[in-house]
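Colleague: Here is my input; please provide its structure:
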Amino acid sequence: MSRKTLLASLLVVGGFAAVYANVVVKLVHDWATDGNYSHGFLIVPLAAYFAWERRHRLQSAAAGRPGVLGFAVVVASLVVLAAGVLGSELFLTRISMLGAIAGTTLFLFGSARLRVLAFPLAFLILMVPWPAIVFNQIAFPLQLLASRVGELALGSLGVPVLREGNVLILASTTLEVADACSGIRSLISLVTLGIVFGYFADARRWARTAIALSTVPVAIVANGIRVAGTGIAASRFGPAAAEGVIHVCSGWLMFVASFLMLFGLQRLLAVIPRPSPRVDVHVAA
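Modeller: Now for the predicted structure:
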């Protein structure tokens, strides 16, 4: 690396740190205190590995000259950062950070190398907590869905149950499917796990996409089973069976079961043969 390139890299890193230091500190704090996003600590190392894995493709990709488009993306990201700071909207400040990284990559290395790094950069989105309005719009329907699945499962097993919204009324106790039991925490973590698992388990892009998309129904089904199991335990053994360590362990068991479902799906997809390369046969006249 030449002295000029090293100096330019240090200036870029130093400028980024000066502008986004507070954003990064607050983001790490949220990872440490919000159980819904504790997986954020794994996202940056994984993204760095995905980028390192592409080092040979980066070397072979054509290097572009500094362009207006990359500079424009950086400027737009800084505008979004300012809007987020003035409006106290953390999501905007964090998304602007990812935009600044993409814009800087485009400006320094060109569009060809940006395309090579597209997946690692897009993967960083998973470390950003959702806006509260979006989170709540998803969490509440998941609560109702989990309650409905639990009601159907309990009723099919002959357990008397009455559902009022997200509350299941049993003969011996009352269960509330709270925000923490809506399944959104396992959904967020499972989506991340599904993307990483699909990336390492199958090289076919469509198979990776199928595994990632399947995490949504898998998480919903697993959480519904957890709610139903909690209701059955509470009706048989009393309210204590739906609280404390048992309740926490059931969440971990359902997450393991969800991963096993993804693993089973991947093995089914692996059976599908890869398309044979087309061979052109030329017949001499």
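
Colleague: CA atoms for contacts and neighbours, from now on please.
Modeller: Fine.

Colleague: Return the set of residues that bridge with residue 168.
Modeller: Note on residue 168: beta-bridge partners residue 163, residue 175, judged by DSSP bridges.

Colleague: Report the separation between it and residue 106.
Modeller: 53 Å (Cα to Cα, to the nearest Å).

Colleague: Next one, pLDDT for residue 246 please.
Modeller: pLDDT, residue 246: 65.

Colleague: okay, now the domains of the protein?
Modeller: Domain assignment of the chain by automatic domain parsing yields the ranges 3-129, 133-271.

Colleague: In JSON lines: the ones you listed, plus mean neighbour count.
Modeller: Shown next, in JSON lines, are the domains of the chain (neighbours: other Cα atoms under 10 Å):
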{"stretch": "domain 3-129", "mean neighbour count": "16"}
{"stretch": "domain 133-271", "mean neighbour count": "18"}
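
Colleague: Comparing those domains, which yields the minimum mean pLDDT?
Modeller: domain 133-271 (a mean of 80).

Colleague: Can you give me the end-to-end span of it?
Modeller: Domain 133-271: ends 41 Å apart by Cα to Cα.

Colleague: where's the spatially closest residue to residue 35 that is not a sequence neighbour, which helix or strand?
Modeller: Closest residue in space to residue 35, ignoring its immediate chain neighbours: residue 185 at 7.5 Å, by Cα to Cα, 6 or more residues apart in numbering. Taking DSSP states H and E as the definition, residue 185 sits inside helix 184-201.

Colleague: Tabulate the CA atom coordinates of that helix in CSV.
Modeller: Extracted C-alpha coordinates of helix 184-201, given in CSV (Å, rounded to 0.1, in the frame of the first residue of the first chain):
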residue,chain,number,x,y,z
ILE,A,184,-40.7,-11.0,17.3
ARG,A,185,-37.5,-11.5,19.3
SER,A,186,-37.1,-15.0,17.9
LEU,A,187,-38.2,-13.8,14.5
ILE,A,188,-35.4,-11.2,14.3
SER,A,189,-32.8,-13.6,15.6
LEU,A,190,-34.0,-16.4,13.4
VAL,A,191,-34.0,-14.3,10.2
THR,A,192,-30.3,-13.4,11.0
LEU,A,193,-29.6,-17.1,11.6
GLY,A,194,-31.4,-18.2,8.5
ILE,A,195,-29.3,-15.8,6.3
VAL,A,196,-26.0,-16.9,7.8
PHE,A,197,-27.0,-20.6,7.8
GLY,A,198,-28.1,-20.4,4.2
TYR,A,199,-24.9,-18.6,3.2
PHE,A,200,-22.7,-21.3,4.6
ALA,A,201,-24.9,-24.3,3.9
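
Colleague: helices or strands up against that helix?
Modeller: Helices and strands touching helix 184-201, by 3 or more Cα pairs under 8 Å, 6 or more residues apart in numbering; DSSP states H and E, are helix 132-156, helix 205-237, helix 244-271.

Colleague: Quick one: those as JSON lines, columns for distance to residue 97 too.
Modeller: Shown next, in JSON lines, are the helices and strands packed on helix 184-201 (distance: least, Cα to Cα, whole Å):
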{"stretch": "helix 132-156", "distance to residue 97": "19"}
{"stretch": "helix 205-237", "distance to residue 97": "25"}
{"stretch": "helix 244-271", "distance to residue 97": "31"}
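
Colleague: So which of those helices is nearest residue 82?
Modeller: Nearest to residue 82, of all these, is helix 132-156, at 19.6 Å by Cα to Cα.

Colleague: Now do the closest one and helix 205-237, the angle between them.
Modeller: On the basis of axes from the mean of the first three to the mean of the last three Cα atoms, to 10 degrees, helix 132-156 is oriented at 60 degrees to helix 205-237.

Colleague: Okay then, goodbye and thanks.
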